[in-house]
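*Asks:* Pasting a predicted model and its sequence here:
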Amino acid sequence: MANNSYSGVKNSMVEANHDGEFGCSLKELRSLMELRGAEAISKIGETYGDIQGLCNRLKTSPIEDCGKAAGGAEDENEAEAGWIEGAAILLSVICVVLVTAFNDWSKEKQFRGLQSRIEQEQKFTVVRGGQVIQIPVAEIVVGDIAQIKYGDLLPADGVLIQGNDLKIDESSLTGESDHVKKTQEKDPMLLSGTHVMEGSGKMVVTAVGVNSQTGIIFTLLGGGEDDDDDEEEKKKEKEEKKKQRKNKKQDGSVENRKKAKAQDGAAMEMQPLNSDEGADAEEKKKANLPKKEKSVLQGKLTKLAVQIGKAGLVMSAITVIILVVLFVVDTFWIQNLPWVKDCTPIYIQFFVKFFIIGVTVLVVAVPEGLPLAVTISLAYSVKKMMKDNNLVRHLDACETMGNATAICSDKTGTLTMNRMTVVQAYLAEKHYKKVPEPENIPSSTLDILILGIAVNCAYTTKIMPPEKEGGLPRQVGNKTECALLGFSTDLKRDYQIIRNEIPEEKLYKVYTFNSVRKSMSTVLKMADGSYRMFSKGASEILLKKCYKILTANGESKVFRPRDRDDMVKKVIEPMASEGLRTICLAYRDFSAADGEPDWDNENDILTGLTCICVVGIEDPVRPEVPDAIRKCQRAGITVRMVTGDNINTARAIATKCGILQPGDDFLCLEGKEFNRRIRNEKGEIEQERIDKIWPKLRVLARSSPTDKHTLVKGIIDSTVIEQRQVVAVTGDGTNDGPALKKADVGFAMGIAGTDVAKEASDIILTDDNFSSIVKAVMWGRNVYDSISKFLQFQLTVNVVAVIVAFTGACITQDSPLKAVQMLWVNLIMDTFASLALATEPPTEALLLRKPYGRNKPLISRTMMKNILGQGVYQLIIIFTLLFAGEKMFDIDSGRNAPLHAPPSEHYTIVFNTFVMMQLFNEINARKIHGERNVFDGIFNNLIFCSIVFGTFIIQIVIVQFGGKPFSCVALTIDQWLWCTFLGFGSLLWGQVISSIPTSRLKFLKTAGHGTQKEEIPDEELEELEDMDEIDHAERELRRGQILWFRGLNRIQTQIRVVNAFRSSISLYEGLEKPESRTSIHNFMTHPEFRIEDSEPHIPLIDDTDAEDDAPTKRNSASPRNATPTPPSPSPSPATTAAPTTPVSPSPNQNNNAVESSNHLLPEGPKSGNPSAPGSPLHSLETSL
C-alpha cells in the first residue's frame, strides 16, 4: 500500500545524488533535517552561510522562478499476488483462490477508499516560475518554495524562509502536545507530518518522501523498502550472524546472556531515526520472526492437516496393499490359476481399480476443506466487521484478536472524545455539576460572562460546523479556549455576534497567555472612556487576585480570603479530584476619572478583580467506553491505558472508564518511574524487571512512544504467566507506529490517525471508537469457534468414510462408497459445510469465556467426544446396512459384485444413509461446547438453512437420476424414509453423547496444538529468519531428520559419560578420547550398559541462547538452570578441573544439547535438576 505522498519520490532514490547539478547532496540534507533549533541554525550558518545560501545551492529562490527544481514524479504500483497453498482437488483450489482474491481486492478497495480522501484532496501551494500554484503533494520536489498556512499538514521537510507567528503541532512525531514556535532565528526546521496550528510562512523544501522525517519512520516500519539492499550484503550479514551465534554458543555465561537480552530491549531506544543501515537491519530482524510466523490458527490447522494427511496416506497405502495381496492370493494361490497372457489386461484393470480405491481413501482422509473454511470464515467476518467499523488490513489479525489477553489503549481520542468540554461550573454562588440552563443565571452576569469569553479568547480559536451530518462541531485552535466557546454555545449565546461587533483591531490591549502569567487578559475601551479588562487563567492563581465575586442576583460582593479558602475546599478540590482542569473567569473596571492606568505595570493591573465564575474542563470519556471495558474484563482481557497526559488526569479517566476499580491492587506509573524500575544499573532494560511490573500495571502516564513500545514488547516476550500474552494496541499518532507494529494486533484510528499509524496497523477503526474493539474480539472468537465447528463436522465425515472404505475394501474387495460418491461427499459436503458453519454470526455469549490463548488445542475433549460418539453411531449403522441391509430391505446384495457390474440398490441405500447422517450431523456440529439445544439461533443464519436444504435437494437428484456415473439406482419412498430416519438418529444420539460428562472420559486426547517457538530447534530458527513464511508442513517433515540426528548425538554424549565413569578416570579425559567420540559402535562393546540408568545423571540443558528473544524460552534466564552445581561440600576432582580443561565443541551442529564441560558434572543422580516438566529439555525428551 504505497502511499502517494511517499511513492512519488521513490524514483529519486534511483538517480544517485545530483552532486553535479545541485550544490549539496542528499546525505547532507538528511543530516541537516535531523537537527533542531539552535543546532540547525549554526549548521546552516557553517555550511551554507544562511538560508538564502541554501536556496542558491538548491538552485531555487524565494522570489523568482523555481528553476530546475520543478519536476513531476511518476507513481509505481506494486501488486502482490497471494496463492493459497495446495488443496487436493482443483475445484476446491479454484474456490479458495477466487474467494481469497475477491476478498483481498474488496478489502484493498475499501482501504484505498479511506486513503483516497487524503490523497485526492491533499494539494499544496508552491511558488514556481514566480507564480503561486497548487500541485498534488506527490509532485513536490526538493527546492520548491512552499507556502504554509494555518491548518496545513506539512507534506515534506523544509527550512523556514519567512514566517509570521508560526506555531507547529509536532505531537504526531514527538508525542509532545505543546505547540512549537518556529522562527528563522531560533528554530527554522519544519518536519513532514506535522500540523500548522497558527500563523503562516514560506519554506524551502529540503527532503521529500522516504528521506523526510515521516518517510524515515515509514522505512523503519518496512513501509518503504530500500532498493539498494543488494544480495551480497545480505549474504555477508547472514555469515556474520552465524559466526556470532557460534561464539555465543561457546560462551554460555549468564552475564553475557543477560546483556544480550537487555541490548535487544534497548536497541529500540538507542537507534536514532536517521541511522540508515543499522536501524533498518535491526528493525527488520526484530520484526522478522513474530510477524512472518503464520497466524496462530493457520499454524494449528496446517499442523493438524499434515498429521491427518499422514494418517490418510498410511491408510490408503495399507488399503491398496491388502486389496492386491488378497486378489493375488485368492486368484493364484487358492484358485491355483496360472498367469495367462490374455488375462493380463483384466488383471491390470483389477489393480487399477484397487489403486483408485486407495486414492479414494486418501482423498477422503485429507481435509482439503480446511483452508477453504478458514478463508471463507475470515472473509465473511471481515465483510461483516466493516459494518462494525473495523477495516481489517491483514486477514489473520481478525482471528488473532479472538485470542487477545491484553489491550494497551491510548487515552486521548480512543477512550475520550479528544475535545475539551466544560462539564462543571461554579456560577452565581452555585456549584452546577453539569452546564446550567441560561434561565437560572442572572442576565447581567450572563452578558459579562459571554462578552469575556468572546473577546478574551484568541480570535483564531473558533467552533466550526461539523464536517459530516450529525457529527460534533469542529474545534479549531486552542483546546481550552474551544471549551469556553463551547460553554457559551451551551448557554444558548453566540460569541460570533460579539466578535463581529468588536473585531480584533478594536481590542485596546492584550496580555497573551504565557507560562509565567498563567493567565490571559484583554482590555476593552468603553464608549465613556473607561476601560474594562477581562481575565482568565488557572483558578488557584486568579482567585488570589479577586477581591469581589458576582452573587446570585448579579451584583458583586466582597470576596475575603476566608471565602476563598472555603471555595477551594468545596469547589476547586472536588473538581480537581475528578481530573478536571479548573479555569477562573474574572473582570475589572478602570473608571475614566482615574485616567489611563500604567499598562506596563502588570502587578497593579492584574489585581482587584471580580470573579465571574469558575469552570471545570475535561476531555470527556466517550459514553460507550465504560460498558465496552466491562465487557473486555468479563471476557478475560486486561485493558491498560498508556497516555502522554499527567498521572492525575489519567487516573481520573481510568476510574471513570472502569480500568481502575476501587479496592483493586494495581499500579499507576509515570514514564520516568516506569523506566527507572525496568532498567538495571547500566541503564539496560531487563525482562525480569518488566515481569515484576506489567501484571499489575493499569495506567502508564507521561509516557513516550518508546515506553509504549517497551511495555508492549515486554508483555509479549514475558513468560511469567503460563499462557503467552497476545497484546492489542491502539494508537493514532506517528509516534505510535513502532508499538502498533510490535503488537500482535495494531488498531489505528481511521479519522484521527496519521498515515504512518494506519500503515503500521492491522485493523483500522473507522469510527475511532473503543467499543469497536470489543466487536473485533467477538468476531475473532467467532472465527475460532467456526473453524472448530467445521473441524468437528469434517473429522466425523473423514473418520467414518476412511474406516468404511478401508474395512469394506478389505472384507469385500470393493469399497462400499465409490470414488465419485466419495468425491461428492468430500468436496461438496466440505465446501458447502465450511460455508454453512463458517458463517455463523457471533453472539454476546462469546464474551463470557476467557481467551483461548496460543496453546489451546483446536479440538477440545468435548469435541473429541462428539467426533468419536457420532463416528461410532454412523459406523454401526453403515456396517449393519452393509452386511445385513439386503435382508432388512429384501433386496439383492451388492457385495462381491463382478468388475463392471451395474449399480445396486443395496449400495445406493448405504450411500444415501451415509449422506443423510452427515446432513443431520451438520446441525449437531453447530455447538462445540456441549450445549444441548443445537437449533438455538439456527434461523438467524440463512446461509446455513439454505445450504442444508440445498444439499438435501441435490442428494435426491443424484440418487434418483445419478445413474451409472454416481453408481446409484433410484430408491422408493419407503427406502427414502428409512434413510432419512436413520440420518435423523444422529440428532437423537447427539443428545445422548452430550449427557455423558467429559470429565469422566479421561482417556480422550486433545488435538491441533500450535507449534511452540520453544519446540523449534535453533538451526531451524536461523533458517526461518531468512525465509518469508514458516511452512509448518515442511517443518513437520524435516523435524524427523533433526530428531534422528539429535537422538544419535544424545546417545553418543551419554555413552561418553558412562565410559568416563567406567574407566574411573576424570570425566574430561574420557570425553577427550578420540575413539570414544568417533562412533556409536562403542555402545556395543559394553553389554551391561543400560541407557535408562544414565538418563538422570546428565542434565543436558538445551542451548538457551540460540534465539535472539531469549525470554520466550521457559526458564531461560534462571542461573540455576544454566549451570547446575553439585550439592556436595567436597569438590570432586572433576569439579576442580572444570575451568582449566578445554573442551572442543561438538562436531555435529544438529545437536541441541550444550556440550561445554561446565554442564556435565559427575555427582551421581543428584547433580543438576533432572528435566522438570517445565524445562525446554523436557519438551525435547517428550518429542523424542
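*Replies:* Thanks, I have it.

*Asks:* Give me the local confidence score for Gly1040.
*Replies:* With respect to pLDDT, Gly1040 has a value of 57.

*Asks:* Make 35 the first number, not 1, from now on.
*Replies:* Done: numbering now begins at 35, and the last item shifts to Gly1074.

*Asks:* where does the stretch 485-634 of the chain dip in pLDDT?
*Replies:* Counting by pLDDT under 70, the low-confidence segments of the stretch 485-634 of the chain come to 549.

*Asks:* That one: helices as residue ranges?
*Replies:* Using DSSP state H, counting those that start in this stretch, the helices found in the stretch 485-634 of the chain span residues 513-524, 529-535, 573-576, 595-601, 607-611.

*Asks:* wait, doesn't Gln904 sit right on Gln1025?
*Replies:* No. In this structure, Gln904 is not within contact of Gln1025 by C-beta atoms under 8 Å, at 11.8 Å. All C-beta atoms are positioned from the backbone trio N, CA, C, and that covers glycine.

*Asks:* More neighbours: those two, which one.
*Replies:* Taking neighbours as other C-beta atoms under 10 Å, Gln904 and Gln1025 compare with Gln904 leading, 27 against 12.

*Asks:* Which residue, neighbours along the chain excluded, lies closest to Met856?
*Replies:* Thr394 (4.7 Å; C-beta to C-beta, 6 or more residues apart in numbering).

*Asks:* Let me fix that, I meant to ask about Arg723.
*Replies:* In space, and not counting its chain neighbours, Arg723 is closest to Ile712: 4.5 Å by C-beta to C-beta, 6+ apart.

*Asks:* go on, Ala835?
*Replies:* Nearest to Ala835 is Val398, by C-beta to C-beta, 6+ apart, at 4.3 Å.

*Asks:* and the one you found, how many neighbours does it have?
*Replies:* Each residue near Val398 was counted by other C-beta under 10 Å, and the total is 28.

*Asks:* what residues are up against it?
*Replies:* Going by C-beta atoms under 8 Å, 6 or more residues apart in numbering, Val398 touches 346, 831-832, 835-836, 839, 856, 859-860.

*Asks:* And those, which two are furthest apart?
*Replies:* Within the contacts of Val398, Gly346 and Val859 form the most distant pair, 14.6 Å apart (C-beta to C-beta).

*Asks:* wait, doesn't Ile821 sit right on Thr409?
*Replies:* No. Using C-beta under 8 Å, Ile821 is not in contact with Thr409; the gap is 10.7 Å.

*Asks:* need the contact list for the closest residue to Asp562 other than its chain neighbours.
*Replies:* Closest residue in space to Asp562, ignoring its immediate chain neighbours: Ala626 at 5.8 Å, by C-beta to C-beta, 6+ apart. Applying C-beta under 8 Å, 6+ apart, one finds that Ala626 lies in contact with 562-564.

*Asks:* could I get those residues as CSV with neighbour count and distance to Asp653?
*Replies:* What follows is the contacts of Ala626, written out as CSV (neighbours: other C-beta atoms under 10 Å; distance: C-beta to C-beta, whole Å):
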residue, neighbour count, distance to Asp653
Asp562, 7, 42
Gly563, 12, 43
Ser564, 14, 39
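
*Asks:* What is the nearest of those to Thr546?
*Replies:* Distances from Thr546 to the contacts of Ala626, taken by C-beta to C-beta, are shortest for Ser564, at 23.2 Å.

*Asks:* roughly how far apart are the nearest residue in space to that closest one that is not next to it in sequence and Asp926?
*Replies:* The spatially closest residue to Ser564, leaving aside those adjacent along the chain, is Ala626, at 4.4 Å (C-beta to C-beta, 6+ apart). Ala626 sits 123 Å away from Asp926, going by C-beta to C-beta, to the nearest Å.

*Asks:* Export the helices of the stretch 485-634 of the chain as JSON lines, with columns for distance to Glu636 and mean neighbour count.
*Replies:* Converted to JSON lines, those look like this (distance: least, C-beta to C-beta, whole Å; neighbours: other C-beta atoms under 10 Å):
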{"stretch": "helix 513-524", "distance to Glu636": "21", "mean neighbour count": "21"}
{"stretch": "helix 529-535", "distance to Glu636": "25", "mean neighbour count": "14"}
{"stretch": "helix 573-576", "distance to Glu636": "13", "mean neighbour count": "19"}
{"stretch": "helix 595-601", "distance to Glu636": "21", "mean neighbour count": "13"}
{"stretch": "helix 607-611", "distance to Glu636": "27", "mean neighbour count": "16"}
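
*Asks:* Using CSV, write out every CA atom in stretch 463-472.
*Replies:* Output of stretch 463-472 as CSV, limited to C-alpha atoms (Å, rounded to 0.1, in the frame of the first residue of the first chain):
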residue,chain,number,x,y,z
GLU,A,463,-22.9,31.3,44.1
LYS,A,464,-24.0,27.8,43.0
HIS,A,465,-21.9,24.7,42.0
TYR,A,466,-23.5,23.1,38.9
LYS,A,467,-22.4,19.5,38.3
LYS,A,468,-23.4,20.0,34.6
VAL,A,469,-23.8,23.0,32.4
PRO,A,470,-26.6,25.2,33.9
GLU,A,471,-29.7,26.4,32.0
PRO,A,472,-29.3,30.0,30.9
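
*Asks:* Could you pull out the buried residues of it?
*Replies:* By neighbour count with 16 or more other C-beta atoms under 10 Å, stretch 463-472 contains the buried residues 466, 469-470.

*Asks:* cool, stretch 966-974 as well?
*Replies:* Here stretch 966-974 shows Val968 as buried, counting by 16+ other C-beta under 10 Å.

*Asks:* Domain ranges for the protein, per the record?
*Replies:* What the record gives for the chain is the domain set 60-92, 120-155+819-1042, 158-248, 339-400, 424-449+657-802, 455-652, from the TED database.

*Asks:* Take the ones you listed and write them to JSON lines, including distance to Leu331.
*Replies:* Below are the domains of the chain laid out as JSON lines (distance: least, C-beta to C-beta, whole Å):
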{"stretch": "domain 60-92", "distance to Leu331": "42"}
{"stretch": "domain 120-155+819-1042", "distance to Leu331": "6"}
{"stretch": "domain 158-248", "distance to Leu331": "34"}
{"stretch": "domain 339-400", "distance to Leu331": "12"}
{"stretch": "domain 424-449+657-802", "distance to Leu331": "5"}
{"stretch": "domain 455-652", "distance to Leu331": "37"}
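
*Asks:* Of all those domains, which one is nearest Gly333?
*Replies:* Nearest to Gly333, of all these, is domain 120-155+819-1042, at 8.9 Å by C-beta to C-beta.

*Asks:* Quick check: mean pLDDT of that closest one?
*Replies:* 83.

*Asks:* Ile821 and Thr409: which has the busier surroundings?
*Replies:* Comparing Ile821 with Thr409 by neighbour count (other C-beta under 10 Å), the higher total belongs to Ile821, at 26 against 21.

*Asks:* Next one: the more buried one relative to Lys334, how far apart?
*Replies:* Distance, Ile821 to Lys334, using C-beta to C-beta: 9 Å.

*Asks:* Which residues are in contact with each of the two?
*Replies:* Counting by C-beta under 8 Å, 6+ apart, the common neighbours of Ile821 and Lys334 are Leu892.

*Asks:* Wasn't Asn370 part of a strand?
*Replies:* No. Asn370: not assigned to a strand; according to DSSP: H, G, I helix; E, B strand; the rest coil it is coil.

*Asks:* Could I get the pLDDT score of it?
*Replies:* Value for Asn370, per-residue pLDDT: 80.

*Asks:* wait, doesn't the residue nearest to Arg723 sit right on Ile727?
*Replies:* Yes. In this structure, Ile712 is within contact of Ile727 by C-beta under 8 Å, at 6.6 Å.

*Asks:* buried stuff in stretch 635-645?
*Replies:* Within stretch 635-645, the residues scored as buried using 16+ other C-beta under 10 Å are 639-640, 643-645.

*Asks:* Which residues does that stretch contact?
*Replies:* The contact list for stretch 635-645, computed with C-beta under 8 Å, 6+ apart, reads 545, 551, 553, 555, 567, 569, 576-577, 579-584, 590, 593, 618-622, 631-633.

*Asks:* and those, which are buried?
*Replies:* 545, 551, 553, 555, 567, 569, 576-577, 579-584, 590, 593, 618-622.
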